[in-house]
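Peer 1: quick one, fold the following:
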Amino acid sequence: KRVNMKRIIGYVASGYRKDKIWLRRTKPAKRDYRVLIAVDDSESMQKSQAGDMALRALATLANGMSQLEIGQLGVASFGEDMRLLH
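Peer 2: Below you'll find the model as predicted:
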């Protein structure tokens, strides 16, 4: 770990009492979010053949969020009615 020279001067000037310069920063706790991604599965998505692209985008998002360890991920579809898929 690198030590800031300005902090060392303050440490010496304080009579060696301000010793926080030796403390290491701890990594922040892992995030614990609950994310729900909703995918349109209506007839218009099927007619325009955008459903396949939406599924690929969903897979990419899920992979990225898994690597970031964001927490829980849910998937829902909506069109005529809303369904919780995962």
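
Peer 1: name the SS class of the nearest residue to Phe78 once chain neighbours are set aside, please.
Peer 2: Distances taken as C-beta to C-beta, 6 or more residues apart in numbering put Ala38 closest to Phe78, at 5.6 Å, once the chain neighbours are dropped. For every residue, glycine as well, the C-beta is placed using N, CA and C. At Ala38, secondary structure determined by DSSP: H, G, I helix; E, B strand; the rest coil is strand.

Peer 1: residue contacts, Ala38?
Peer 2: Contacts for Ala38 were tallied using C-beta atoms under 8 Å, 6 or more residues apart in numbering; they are 75-78, 82.

Peer 1: again with Ser42
Peer 2: Neighbours of Ser42 in contact, by C-beta under 8 Å, 6+ apart: 78-80.

Peer 1: tell me which of the contacts of Ala38 fall in strands.
Peer 2: Among the contacts of Ala38, the members falling in strands (DSSP state E) are 75-78.

Peer 1: out of those residues, which are buried?
Peer 2: 75, 77 (16 or more other C-beta atoms under 10 Å).

Peer 1: can I get the ones in strands among the contacts of Ala38 in TSV including distance to Lys18 and pLDDT?
Peer 2: Compiled in TSV, the ones in strands among the contacts of Ala38 are given as follows (distance: C-beta to C-beta, whole Å; pLDDT from 0 to 100):
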residue	distance to Lys18	pLDDT
Val75	51	94
Ala76	53	94
Ser77	58	92
Phe78	58	90
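
Peer 1: farthest pair in the ones in strands among the contacts of Ala38?
Peer 2: Using C-beta to C-beta, those span at most 11.1 Å, a distance reached by Val75 and Phe78.

Peer 1: now list whatever residues contact both of those two.
Peer 2: Taking C-beta under 8 Å, 6+ apart as the contact rule, the neighbours common to Val75 and Phe78 are 38-39.
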